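1. Turn this into a model:
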Amino acid sequence: MSGTLNKVMLIGHLGDEVKMHHFEGGGCIGVDFKIMTKKGYNKEEVLLKCIQKVKEFFNIDKWQINQPIVIAELSYELSLVDGVATLIPFSIDLDGDGPGDPIQLPVMLRNKWRTTDGYSGHIYDMGAAYKDGIYYPSLDPCIFELKYPDSDIKGQVMGSIT
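-> From the prediction side, this is the model:
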């Protein structure tokens, strides 16, 4: 299965009945990351390799329905890209209540829902879905998707380590 999930997917077989769920682009996410490169590496090339690694990580053919996103796994894959020295964490207030105890995440995920941008209109509370380094899907059959990988992934090189 490739491309977007705007199709009917088989969820399970219950005797003579087939239970199905129609996905309308729900679970669409964006991925943000910041890196420092190693000395002597071309920053733009390293960034492009990181973006490609994120695309490979979220290749829809590799994902299962209701599979959570383990931030450590994605961060590890990015750290293996030749030329990456480190990921710079984001300070995130997951509950959105302002000052408090923000957490540090090496990769930030965003819910992409605006219909004017081509998404489904389904809003998913990423803060409520996060627990101990893992983003969990909804209880209904769901799958996370990078619908537009070329614009849903935002990487930034913050400098190089000498």
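2. measure Q104 to G40 for me?
-> Using CB to CB, to the nearest Å, we find Q104 at a distance of 28 Å from G40. The C-beta positions use only the backbone N, C-alpha and C, and glycine is treated the same way.
3. what about D32, how many neighbours?
-> 16 (other CB atoms under 10 Å).
4. Longest helix of this protein, counting residues only.
-> The helix spanning the most residues in the chain, taking DSSP state H as the definition, is helix 43-57.
5. May I have it as CSV, with CA atoms only?
-> Taking Å, rounded to 0.1, in the frame of the first residue of the first chain, the C-alpha atoms of helix 43-57 are listed here in CSV:
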residue,chain,number,x,y,z
LYS,A,43,25.2,21.0,6.1
GLU,A,44,22.7,21.0,3.3
GLU,A,45,23.6,17.5,2.3
VAL,A,46,23.3,16.2,5.8
LEU,A,47,19.9,17.9,6.2
LEU,A,48,18.6,16.3,3.0
LYS,A,49,19.8,12.9,4.2
CYS,A,50,18.0,13.5,7.5
ILE,A,51,14.8,14.4,5.7
GLN,A,52,15.1,11.3,3.5
LYS,A,53,15.6,9.2,6.7
VAL,A,54,12.4,10.6,8.1
LYS,A,55,10.5,9.8,4.9
GLU,A,56,11.9,6.2,5.1
PHE,A,57,10.9,5.9,8.7
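6. in it, what counts as buried?
-> 46-47, 49-51, 53-54, 57 (16 or more other CB atoms under 10 Å).
7. Contacts for it next, please.
-> 31, 33, 35, 37, 73-74, 77-78, 80-84, 146, 149, 153, 155-157, 160 (CB atoms under 8 Å, 6 or more residues apart in numbering).
8. dump the residue contacts of I29.
-> Per CB under 8 Å, 6+ apart, neighbours of I29: 69, 109-112, 126, 144-146, 152.
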